[in-house]
Each structure stands twice: as C-alpha cells, then as structure tokens.
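K.L.:
I'd like to go over a predicted model; first the sequence, then the structure.
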Amino acid sequence: LKVFQKLFFHTPLVKIFVAASDTYHDKYWWKKHGVKIFEEWKKESPWGRLWDSY
C-alpha cells in the first residue's frame, strides 16, 4: 500500500477524492439520510434538545 500512498495523497489526484467525498456526503447522503438522523437526535438526545434551544 505504501507504493500507492504517494500516488493518492501527494499528487493532484487527492483533489478528486475530496471532491467525490464532498459530493457524496453533502449532496446525496445528508439529504437522503442525515436530515432524518439529525432530527431524531434533536428530539431524543439531551444534547440535541440543548442544540435546538439555541
């Protein structure tokens, strides 16, 4: 794996991984799953209720 480390993390190729992660998590996952989980957390967790009170 060390052979690929330089290729994946020390070249402009890393920007592709960051962009893909951003697109997946912020544009797809959050809308499909994250909002529901966050709303449940705000209702059921003491920390979530505190968050909601601000």
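P.N.:
Everything's here; your move.

K.L.:
From here on, just use CA atoms for contacts and neighbour counts.
P.N.:
Noted.

K.L.:
and stretch 37-52, what's its mean pLDDT?
P.N.:
Rounded to a whole number, the mean pLDDT of stretch 37-52 is 97.

K.L.:
which element follows the helix or strand hosting Ala19 toward the C-terminus?
P.N.:
In the assignment (DSSP states H and E), Ala19 maps to helix 13-22. Per DSSP H and E, the first helix or strand lying C-terminal to helix 13-22 is helix 35-44.

K.L.:
Distance from the chain centre to that following helix, please.
P.N.:
Relative to its chain's centre, helix 35-44 lies at 16 Å (Cα atoms, centre = their mean, to the nearest Å).

K.L.:
likewise stretch 42-54?
P.N.:
20 Å.

K.L.:
Now do the helix holding Ala19: everything it contacts.
P.N.:
Leu7, Phe8 (Cα atoms under 8 Å, 6 or more residues apart in numbering).

K.L.:
Kindly recompute the last result at 7 Å.
P.N.:
Phe8 (Cα atoms under 7 Å, 6 or more residues apart in numbering).

K.L.:
export it as PDB, just CAs?
P.N.:
The C-alpha atoms that make up helix 13-22 are tabulated as PDB, following Å, rounded to 0.1, in the frame of the first residue of the first chain:
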ATOM      1  CA  LEU A  13      -5.300  13.100  -7.600                       C
ATOM      2  CA  VAL A  14      -6.200  13.700  -3.900                       C
ATOM      3  CA  LYS A  15      -8.500  16.600  -5.000                       C
ATOM      4  CA  ILE A  16     -10.600  14.100  -6.900                       C
ATOM      5  CA  PHE A  17     -11.100  12.000  -3.700                       C
ATOM      6  CA  VAL A  18     -12.000  15.200  -1.700                       C
ATOM      7  CA  ALA A  19     -14.500  16.400  -4.300                       C
ATOM      8  CA  ALA A  20     -16.100  12.900  -4.600                       C
ATOM      9  CA  SER A  21     -16.400  12.700  -0.800                       C
ATOM     10  CA  ASP A  22     -17.900  16.200  -0.600                       C
END
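
K.L.:
I'm done for today, thanks for sticking with me.
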